[in-house]
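Have a look at this prediction, sequence included:
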Amino acid sequence: METLNKIDFAVVFSVQGANPNGDPLNGNRPRINYDGMGELSDVCIKRKIRNRLMENGENIFVQSDDNRREGDNYGSLRERQEGELGKDLDEKSLREKACAKWIDVRAFGQLFAYKAKGGKVKKGKGKEEESGESGSDAVSVGIRGPVSIHPAFSVLPIADRTTSIQITKSVSGEGDGKKRASDTMGMKHRVDHGMYYFYGAINPQLAEKTKFDGKDASEIKKVLEHLFDNDASSARPEGSMEVVTVVWWDHKAKNPKHNSAAVHRSLTVTPKTDSPKGIHDYAVNLKKLEGLSPETYDPYNLIVAK
């Protein structure tokens with residue numbers, strides 16, 4: 001297994017005429033925080049990472065219904081777990097097999113929490129625990145993953161950069177479906193322009209427990225550079241979201257000199273104008289840290305080292 005040191009990373013990406021992450025509690029408008037900054041949840045980012053990893057041939061446990069691997073007909077996560085790993089596993093075997101099988105489990109972790117079906121529940125080392133037929137007892141196995149992802153935030157507030165338009169929606173009527181139903185009105189929202197960024201880290205101590213190694217870390221780095229490839233939808237047209245910078249700090253040690261907070265602060269993104277319209281209207285500054293030389297993916301030469 002390829003050894004792994006502490007790793008920090010950051011991703012800067014642009015949004016042009018797209019809704020990067022709609023808020024279902026706010027009419028699916030682009031998510032914003034209390035300061036008016038645009039936001040993408042860490043769950044949204046992990047979903048895109050999983051999708052790109054699966055496209056690269058990696059086994060993924062938490063698959064979305066609209067991007068499921070061909071031939072995977074499991075109706076739930078429990079069915080996938082039992083179908084791929086087998087039933088009646090003790091906790092140790094479940095952890096080991098799940099981490100060995102799925103890269104997203106050994107990267108992000110997973111909580112295998114299910115109601116017991118009755119009978120015996122194996123607890124390891126020959127111990128068993130009775131569970132009632134009612135299923136009130138829970139079988140819960142938690143795996144902590146080494147890869148942590150922060151939410152993404154915009155560089156500038158997006159309230160005045162968001163456009164909402166009214167659209168007409170039509171669906172087929174009742175019966176044989178040939179009759180056209182009455183039109184209904186709806187809304188569609190987009191961020192006209194925004195620059196976003198997020199940070200992440202890989203913990204080598206937790207990586208040892210899940211057997212997440214250097215090869216897995218390389219796969220994560222690879223997909224970060226192409227996070228929005230093949231991710232088009234009505235809300236996110238092809239080419240409307242683009243990764244413009246990735247910074248990858250490999251500390252070359254398990255317990256490094258610089259902590260993650262200091263490393264993340266070394267990267268800043270600032271607008272060059274009062275009303276930026278594109279990626280070249282921003283300065284991406286990277287402060288040099290003693291003994292730490294990051295790798296960068298910077299196709300537009302936006303990074304200015306200081």
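Good, I have the coordinates.

just checking, residue 155 is part of a strand?
Yes - per DSSP: H, G, I helix; E, B strand; the rest coil, residue 155 lies within a strand segment.

Just to check, it is in contact with residue 161?
No - Residue 155 sits out of contact with residue 161 when judged by C-beta atoms under 8 Å, with a separation of 10.9 Å. Backbone N, C-alpha and C define where each C-beta goes, glycine included.

Need the overlap of contacts for these two.
Contact with both residue 155 and residue 161 is made by residues residue 194, according to C-beta atoms under 8 Å, 6 or more residues apart in numbering.

middle-most residue in this structure, spatially?
The chain has residue 46 as the residue nearest its centroid, 1.2 Å off, counting by C-alpha atoms, centre = their mean.

Make sure that residue is indeed in a helix.
Yes - secondary structure assignment places residue 46 in a helix (three-state DSSP).

I'd guessed it sits against residue 108; true?
Yes - with the criterion set as C-beta under 8 Å, residue 46 and residue 108 qualify as a contacting pair; they are 6.0 Å apart.

Mind listing the shared neighbours of those two?
Shared contacts of residue 46 and residue 108, counting by C-beta under 8 Å, 6+ apart, come down to residue 149.

picking up where we left off before, can you tell me which residues contact the residue nearest to the centre of the chain?
The neighbourhood of residue 46, defined by C-beta under 8 Å, 6+ apart, consists of 104, 108, 149.

can you rerun that using 6 Å?
Listed by C-beta atoms under 6 Å, 6 or more residues apart in numbering, the contact partners of residue 46 are 108, 149.

can you tell me how far it sits from residue 294?
For residue 46, the distance to residue 294 (C-beta to C-beta, to the nearest Å) stands at 22 Å.

swap in residue 247?
Here the criterion is C-beta to C-beta. By it, residue 247 lies 5 Å from residue 294.

where do the helices sit along the chain?
Assigned by DSSP state H, the chain shows helices spanning 42-55, 77-85, 91-101, 103-108, 204-210, 214-224, 260-265.

what angle separates the second one from helix 91-101?
Put plainly, it is helix 77-85. Following axes from the mean of the first three to the mean of the last three C-alpha atoms, to 10 degrees, one obtains 80 degrees for the angle between helix 77-85 and helix 91-101.

can you give me the offset of helix 77-85 from its chain's centre?
On the basis of C-alpha atoms, centre = their mean, to the nearest Å, helix 77-85 sits 22 Å off its chain's mean C-alpha point.

What segments of the stretch 201-306 of the chain are strands?
With DSSP state E, counting those that start in this stretch, the ranges of strands along the stretch 201-306 of the chain come out as 241-250, 267-271, 282-286, 295-297, 303-305.

And those, which one averages the lowest pLDDT?
Ranked by mean pLDDT, the strands of the stretch 201-306 of the chain bottom out at strand 303-305, which scores a mean of 93.
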